[in-house]
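Enquirer: show me how the following folds:
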Amino acid sequence: MTDQLPPIEARLRAAGLPPLPRTAWLEIDLERLAGNVRAIVAGLPAGTLVEAVVKANGYGHGAVPVAYAALAAGAHGLCVATLDEALELRGAGLRAPILVLFAVPPDGVVEAARAGIAVSAGDAVVWQRGLAAYTRARRRARVRLGDLAVHVALETGLGRDGLAPDEAVAAVRALADVPGACFDGAWSHLQAPGDTARTARQVDRFQAVLDALAAAGMPAPHRHLLASGGLLVAERYVGGARPVFDGLRVGLALYGIAPDGLPVGGAGAGIHAALRPVLSLRARPMRVADLPAGEGVGYGPSFVTARASRIATLPLGYADGWPRSLGNRATAIVRGHRVPLVGTVAMDAVMADVSDVPGPPVTPDDEFVLLGEQGGDRITAAELARGRTTISWEVVATMAARLPRVYTAPTQAVGIRTLTQNRGPWQTSRSGTATSATSRWTRS
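Expert: Residues are numbered from 1 along each chain as shown. Alright, predicted model coming up:
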């Protein structure tokens, strides 16, 4: 997202794309995202499957465009949290493997089979109901229902999801009695990747269940434990070994952001250094006004001018994912200079004090950066997370759907998604190949 680009309107016109409905928008650099995928693939043992996690609307970036870009750059499959997220991807023409990580309702298991979507078994009772629903539907189906691919989620220490070891063996054995159902993989999730001892225990527990499955004649075709945090600190786990197994789910790192507070080192440091943030939040003022000393700004008011001040009103607020907790606690960049954001964050507006910006007075033609880069300065997701006492994941994932998303590659606009427009290469692309349920995840 290089500085000195033409105005966003000119870039959209040049690409034959519709104009923005408002002067606050997100820019998503698909070339950077592709570079992140390539750096991750290159930093892993040969043959490791990389699964791009595009849940929560691609962590706020846009699930469909991100999925197409990640697959084109070398990702092998996709992971989401819910069935409707997976169906959105299938509806957009994506034929690559998709895994739903969290439990789906019993009838949802049937719908997943119809769409060729793999599901997770993470609770014995819930999973038995889903398998029973699939069995009934398959008996009743007048046309071929579709095979059901299942990944068992294993409880290794996270404490929120997953089958116990004995339950896992029983769940996989039960699949053998259901025509069309197949054991497609096993996975778990690390609780604290930076905690060497805790992670080593989880690795051991995961391997123990894999061994039990293999001893029962049911080896897992696909095994994935690590996510972005594990990717960056994997060498700390057990004697320098990198227990990636044969697959890795990449979420936050896919978007060029390192998990907060991790002790990155070893081979992970090289991947970390190559990651580049994909998303920026930009706006132009809808009003710039000179206010006298003693004037309140916004609701409350929580900010009162101490001198004659020039205040720019930016058209975004907490309904867009810019929370009230950042009121009087954040900055923006305009003309390469940091300016304070002042007053209470409203549903649709946040104000910037631009009194000290050098040169001619700031006008509605000036572009502000609230997350991203301008003029050699950068506001990161981690910086915003500290300001609102949260984590980088929440900063990007809570960017609202009503914020227009402009997709670039690398600086030329290639697509746009708003509440009323969806234009881009993902509309006509077809990524990946349809695969059978018994061989859904394959090594390149």
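Enquirer: now the strands for the stretch 101-250 of the chain?
Expert: Listed in chain order, the strands of the stretch 101-250 of the chain (DSSP state E, counting those that start in this stretch) span residues 119-121, 148-153, 181-187, 223-224, 247-250.
Enquirer: how about those in JSON lines, adding distance to residue 68 and mean neighbour count?
Expert: In this view, the C-beta of every residue, glycine as well, is placed from N, C-alpha and C. Putting these into JSON lines (distance: least, Cβ to Cβ, whole Å; neighbours: other Cβ atoms under 10 Å) gives the following:
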{"stretch": "strand 119-121", "distance to residue 68": "23", "mean neighbour count": "27"}
{"stretch": "strand 148-153", "distance to residue 68": "22", "mean neighbour count": "27"}
{"stretch": "strand 181-187", "distance to residue 68": "23", "mean neighbour count": "24"}
{"stretch": "strand 223-224", "distance to residue 68": "22", "mean neighbour count": "25"}
{"stretch": "strand 247-250", "distance to residue 68": "16", "mean neighbour count": "24"}
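Enquirer: could you tell me how far the closest residue to residue 122 other than its chain neighbours is located from residue 79?
Expert: Leaving aside its chain neighbours, residue 122 sits nearest to residue 153 (3.7 Å; criterion: Cβ to Cβ, 6 or more residues apart in numbering). In this structure, residue 153 and residue 79 are 12 Å apart, going by Cβ to Cβ, to the nearest Å.
Enquirer: same check, this time on residue 272
Expert: To residue 79, residue 272 is 21 Å away according to Cβ to Cβ.
Enquirer: what about those two, which has more around it?
Expert: Remark: of residue 272 and residue 79, residue 79 carries more neighbours, 26 against 18, as counted by other Cβ atoms under 10 Å.
Enquirer: which elements pack onto the host helix or strand of that one?
Expert: If you go by DSSP states H and E, residue 79 is part of strand 77-80. If you count contacts as 3 or more Cβ pairs under 8 Å, 6 or more residues apart in numbering; DSSP states H and E, strand 77-80 packs onto strand 49-53, helix 63-73, helix 83-91, strand 98-100.
Enquirer: burial count for the closest residue to residue 116 other than its chain neighbours?
Expert: In space, and not counting its chain neighbours, residue 116 is closest to residue 146: 6.3 Å by Cβ to Cβ, 6+ apart. Per other Cβ under 10 Å, the neighbour tally for residue 146 reads 20.
Enquirer: what does the pLDDT read for residue 146?
Expert: We note a pLDDT of 85 for residue 146 in this prediction.
Enquirer: would you mind giving both backbone torsions of it?
Expert: When read as degrees, to the nearest 10, the backbone of residue 146 gives phi 110, psi 150.
Enquirer: and what of residue 292?
Expert: phi -80, psi 170.
Enquirer: quick one: it and residue 306 touch, right?
Expert: No. Judged on Cβ atoms under 8 Å, residue 292 makes no contact with residue 306 at a distance of 10.9 Å.
Enquirer: which neighbours do those two share?
Expert: Here residue 292 and residue 306 have no joint contacts, going by Cβ atoms under 8 Å, 6 or more residues apart in numbering.
Enquirer: can you get me a residue count around the residue nearest to residue 399 when sequence neighbours are not counted?
Expert: The shortest distance from residue 399 to any non-neighbouring residue, by Cβ to Cβ, 6+ apart, is to residue 60 (3.8 Å). Using other Cβ under 10 Å, residue 60 has 26 neighbouring residues.
Enquirer: so who does residue 60 touch?
Expert: If you count contacts by Cβ under 8 Å, 6+ apart, residue 60 has them with 26, 279, 321, 396-399.
Enquirer: tell me the confidence at it?
Expert: On the pLDDT scale, residue 60 gets 98.
Enquirer: can you tell me how far the residue most central in space within the chain is from residue 279?
Expert: The residue lying closest to the centre of the chain (Cα atoms, centre = their mean) is residue 59, at 2.9 Å. Noted for residue 59: a distance of 8 Å to residue 279, by Cβ to Cβ.
Enquirer: pLDDT weak spots in the chain?
Expert: Residue ranges of the chain with pLDDT under 70: 1-3, 142-143, 234-244, 428-444.
Enquirer: any idea how it splits into domains?
Expert: Domain segmentation of the chain under automatic domain parsing yields 31-255, 280-403.
Enquirer: so which of those domains is nearest residue 8?
Expert: domain 280-403 (7.5 Å; Cβ to Cβ).
Enquirer: ok now the closest one, how far from the chain's centre?
Expert: Using Cα atoms, centre = their mean, to the nearest Å, the mean C-alpha position of domain 280-403 is found 24 Å from that of the whole chain.
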